[in-house]
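Undergrad: model this:
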Amino acid sequence: MSAARVITRPLATLGAATLGLLAAIGRTALFALSAFRHMVTPPFYGREVLNSFWNVGYLSLPVVGLTALFTGGALALQIYAGGSRFSAEAVVPQIVGIGMVRELGPVLVGLMIAARVTASIAAEIATMKVTEQIDALVTLSTHPMKYLTAPRVLAGIITVPLLVAVGDVIGIFGGWLVSTQSLGFNPATYLRNTVDFLETPDIVSSLVKGAVFGAIATVMGCYAGMESGRGAQGVGQATKGAVVSAAVLILAANFLLTQAFFAS
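TA: Okay, the predicted model is just below:
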């Protein structure tokens, strides 16, 4: 093998991988734009929208609540242990509040939605593709994007911010419970310090992150399902790829949104 070929082969491999990545990003972006367009144009399928609200929102409440509760309690213990080194134990309510509302609440809810909802959507739509149910929809003059994707994306955009709000409250409650029962904080003073420290931009950023994360989770689940291969292996690969890509995109979006809201 010539020296030139040895040098160019890694470059060719890197170039092919880069082009493949850019092509995948382009396909995903076009899919998301199509989903948003179908979401706001008739016809609308009310029953599918209600089912999506139920599956994405209501059924996610238990896992979101438990995750937020234990995270808030653990956060209070960690802040108290760290603050005690500098005689700053009193900052526990303020830091738990801002930590849950700005970062941990939205991110944890987004990741839980990616683990539960994105995987479920990807597996469901991929199975429909394997069993040719999507082809049947086309035969019945029903657009798959409008019937399958648009209701789920709409549900993600609307219900995930509500889940984030619930998670923020439960996380703060978890910190309050641990702080008042184990760390000796006064219950009323703890709540007053939390409310006085939080500001409107903190709450707005939390809800905006929830809407963005909900859109990412549902779009990636629908995209992976629609693009899945045939057979059981295709369903498994679609589910795995959807969860991984949704989680990575949620974390990346969290960084960008945090920088947009709070970088000065």
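
Undergrad: okay, helices next: where are they in the stretch 151-264 of the chain?
TA: All helices of the stretch 151-264 of the chain, identified by DSSP state H, counting those that start in this stretch, fall at 187-197, 200-226, 231-262.

Undergrad: which stretch among those comes nearest residue 123?
TA: helix 231-262 (4.8 Å; Cβ to Cβ). Every C-beta, even on glycine, is put in place using the N, C-alpha and C of the backbone.

Undergrad: could you tell me the angle between the closest one and helix 200-226?
TA: Taking axes from the mean of the first three to the mean of the last three Cα atoms, to 10 degrees, helix 231-262 and helix 200-226 form an angle of 160 degrees between their directions.

Undergrad: now for helix 231-262, which elements pack on it?
TA: helix 105-113, helix 119-130, helix 200-226 (3 or more Cβ pairs under 8 Å, 6 or more residues apart in numbering; DSSP states H and E).

Undergrad: just to revisit the earlier point, make JSON lines from the helices of the stretch 151-264 of the chain and add mean neighbour count, distance to residue 89 and mean pLDDT to it.
TA: Listed next are those as JSON lines, based on neighbours: other Cβ atoms under 10 Å; distance: least, Cβ to Cβ, whole Å; pLDDT from 0 to 100:
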{"stretch": "helix 187-197", "mean neighbour count": "15", "distance to residue 89": "12", "mean pLDDT": "89"}
{"stretch": "helix 200-226", "mean neighbour count": "23", "distance to residue 89": "22", "mean pLDDT": "93"}
{"stretch": "helix 231-262", "mean neighbour count": "17", "distance to residue 89": "25", "mean pLDDT": "90"}
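
Undergrad: I'd like those helices as a markdown table, with distance to residue 57 appended.
TA: Shown next, in a markdown table, are the helices of the stretch 151-264 of the chain (distance: least, Cβ to Cβ, whole Å):
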| stretch | distance to residue 57 |
| --- | --- |
| helix 187-197 | 26 |
| helix 200-226 | 9 |
| helix 231-262 | 17 |
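
Undergrad: out of the ones you listed, flag the one nearest residue 61.
TA: Using Cβ to Cβ, the helices of the stretch 151-264 of the chain put helix 200-226 closest to residue 61, at 13.9 Å.

Undergrad: spatially central residue for the chain, please.
TA: residue 110 (2.6 Å; Cα atoms, centre = their mean).
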